[in-house]
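Chemist: got a predicted model here, sequence first, then my questions.
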Amino acid sequence: MIALQRHWSGRSSILFGMVAAFLLVCSMLPISPAFADAVIRTQAMNAATIAEFYIDETEIRLEIEIGLSDLAAFQSLLPDDIHQGMEFGSVPYLDRIRRFTEEEFVMRADGTRLKGVLKRIGPADRVKRDAITGEPLASQAEADRIVKAQIIWPFESAPERLEIRVALPDIASIGFVAYHKGVAVNDFRYLTAFQTLDLDWQDPWYTAFKSRSLRRQYAEPMMGFIYVEPYEVRKEIIVRPKDLQRFVDLGIEGLASIPVELQAGIREKAIEFLMNHHPVVIDGVEAVPTMVRADFLERTLRTSRVIDPPEVLDINAAIMGVKFIYPHKGFADSVTMKWDLFDQKITTVPVSAVDPLGAMPQFMAPDYDTLSWQNFIRIPVMPQMADIAAPPTRLVQWLENGRWLLVVFAGLLTAYFVWSIAKNGRLVVSGILAVTGVLLAMGGWWMGSQARLDDAAARVMVNGLLTNIYRAFDFKAEEDVYDVLALSVEGDLLREVYLEMRRGLVLASQGGASARVKQVELVSLNTEPDGASGIRAEVTWQIRAAVGHWGHIHERRNQYKAKLALKPVGGAWKLVEIEIQDEMRL
């Protein structure tokens, strides 16, 4: 502490001199009120002060970002020149640090008060974080200025229980998160006056605050999901390898981390074991998956992603997702999944059945071990193809130019009728011929005008064709996708379109999950004739797609710009050429 005081006596004016006036002005701003532990997850990240506790076998380390509006609450930490300049009194600096760690921000280990040490303090930029997860954002531009401090509370032996007592001299709004040996104990929440933390040194995953409101959302070591979609049922199991090790030897016993070279073998063993557990019954018949895939995941409150490329994983925090695919004709009427993995630590398991109307979460337990889903959906859920008007027939195509001959023919018949009047000839016959000729000319002219699509009809046709191309990917079997795709794409182009569209829908960060397109919207369309009956088009369109995966709904909106060529083939409009010029994730 003496060294720390010397450090500040020489450098505090340098570090804080430039911002002292700024701090003095900002300290006069209204103080943010303190709230009890908030249920609304996003609000803790708006707190003026952010505290992060890191706990290991030797110490508690607090990294704290103090907002300017909370300086009065943390006045004991401020160096003398700042403390006195803000008129907080003239208590000696060492006494104020001791007061802060022993009275205002107290840590007790198994009932014994710990002695804290201020390691450093100084001006800094606030770390800008995601409003939900608390993770640092990629862009840290225009961050607010704050005061950043680090305080250490060492202990001689690892305690079983920690107590955090906060009695600051002024009101402060503090958002906090605690990490035990690198594992997040809670999601970002507000820090209240007193909290108790029970520590599990054998497995920090099970370390938890006494207050249930401070339990993190993903506190369970196993979770299960059933997704019911047209033509497919999926089962997804999320599990910690360290917990699965109690049921099957994955080769990780005693390891502190999972090296990259072991991960492929762990995935294979997990698949082999889970293939024989959690049986799924679809419409009364036990289902057999056609595809199984396992991935190591990184999970946050907002989303989950596959860890790719692989990296060394902490054994306590590592998570796996195992996906089972069950193709099904049409839409299922009933699905059940029986959960059969319980032990002394896994006594309840959160599960959910997800259909087009949303999720139905439940908890499985040894005496309630079956997740059941019934189809009560009263609205259509099967993929609906867009209706596209047929292209012009050969007769209509001929009439596009031949209608002039009909006009000439009608003119000749009309002239013959006029001549008959002048000569008192066959008026009835010539009149009938003239009327017939005029009607034929009028009908032919109207039909011939339909040979070329106007702008409105072209938009409807192109939008419908693109919609039907994406609808093909709602089918899960590759042969079905090709069959439906062939209704809109000429044969030579089928494979190119299949690969291009499939690439755009696959979420690589989600283990190859394929998004389902909900909407296709034309942004711009310019067309020109192409040969006798085709058109060429410069098109910009957007798609809105979503997929349920790992307990989240992943949404995406993409925009494409392309040149298309479309022609009548076999009595239907088909895509015969495509050149993607631009693709953008919105």
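Modeler: That came through fine.
Chemist: what does the domain assignment say about the protein?
Modeler: 2-214, 222-374, 394-449, 455-585 (automatic domain parsing).
Chemist: got the buried residues for the helix or strand harbouring I152?
Modeler: Here I152 sits within strand 145-154, counting by DSSP states H and E. Residues of strand 145-154 classed as buried by neighbour count (16 or more other Cβ atoms under 10 Å): I146, V147, K148, A149, I151, I152, W153. Placement of C-beta: from N, CA and C, glycine included.
Chemist: after it comes which helix or strand?
Modeler: strand 161-166.
Chemist: average model confidence for the helix or strand just after that next one?
Modeler: Downstream of strand 161-166, the first helix or strand assigned by DSSP H and E is strand 174-180. Taken as a whole, strand 174-180 has a mean pLDDT of 93.
Chemist: quick one: residues contacting L525.
Modeler: D455, A458, R459, V462, A537, E538, V539, T540 (Cβ atoms under 8 Å, 6 or more residues apart in numbering).
Chemist: worst mean pLDDT among the domains of the chain?
Modeler: Here the domains of the chain differ in mean pLDDT, and the lowest is domain 394-449 at a mean of 60.
Chemist: which among the contacts of L525 end up buried?
Modeler: Using 16+ other Cβ under 10 Å, the buried ones in these are A458, R459, V462, A537, V539, T540.
Chemist: so the fourth one sits right up against A458, yeah?
Modeler: Yes. The pair A537 and A458 passes the contact test of Cβ atoms under 8 Å, sitting 7.2 Å apart.
Chemist: list residues touching both of those two?
Modeler: With Cβ under 8 Å, 6+ apart as the test, A537 and A458 both reach L525, T527.
Chemist: returning to what we had before: in a markdown table: the buried ones among the contacts of L525, plus distance to A562 and secondary structure.
Modeler: What follows is the buried ones among the contacts of L525, written out as a markdown table (distance: Cβ to Cβ, whole Å; DSSP: H, G, I helix; E, B strand; the rest coil):
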| residue | distance to A562 | secondary structure |
| --- | --- | --- |
| A458 | 15 | helix |
| R459 | 15 | helix |
| V462 | 11 | helix |
| A537 | 9 | strand |
| V539 | 6 | strand |
| T540 | 8 | strand |
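Chemist: for these, which one is nearest D200?
Modeler: Checking the buried ones among the contacts of L525 against D200 with Cβ to Cβ, the nearest one is T540 at 55.2 Å.
Chemist: isn't the closest one up against E521?
Modeler: No. In this structure, T540 is not within contact of E521 by Cβ under 8 Å, at 9.9 Å.
Chemist: so where's the longest strand in the protein?
Modeler: The longest strand of the chain (DSSP state E) is strand 552-569.
Chemist: residues in contact with the following helix or strand past that strand?
Modeler: Next along the chain after strand 552-569, taking DSSP H and E as the criterion, comes strand 572-585. By Cβ under 8 Å, 6+ apart, the list of residues contacting strand 572-585 from outside reads 388, 390-391, 461, 465, 469, 487-490, 492-493, 496-497, 500, 504, 534, 556-569.
Chemist: could I get strand 572-585 in PDB with only the CA atoms?
Modeler: Extracted C-alpha coordinates of strand 572-585, given in PDB (Å, rounded to 0.1, in the frame of the first residue of the first chain):
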ATOM      1  CA  ALA A 572     -44.200 -23.100 -68.000                       C
ATOM      2  CA  TRP A 573     -41.800 -20.300 -67.300                       C
ATOM      3  CA  LYS A 574     -38.300 -21.600 -66.400                       C
ATOM      4  CA  LEU A 575     -35.000 -20.100 -65.500                       C
ATOM      5  CA  VAL A 576     -32.400 -20.900 -68.200                       C
ATOM      6  CA  GLU A 577     -29.500 -18.700 -67.200                       C
ATOM      7  CA  ILE A 578     -28.400 -17.000 -63.900                       C
ATOM      8  CA  GLU A 579     -25.400 -14.800 -63.100                       C
ATOM      9  CA  ILE A 580     -25.200 -13.700 -59.500                       C
ATOM     10  CA  GLN A 581     -23.500 -10.300 -59.400                       C
ATOM     11  CA  ASP A 582     -23.700  -9.400 -55.800                       C
ATOM     12  CA  GLU A 583     -24.700 -11.000 -52.500                       C
ATOM     13  CA  MET A 584     -25.100  -9.100 -49.200                       C
ATOM     14  CA  ARG A 585     -26.100 -10.000 -45.700                       C
END
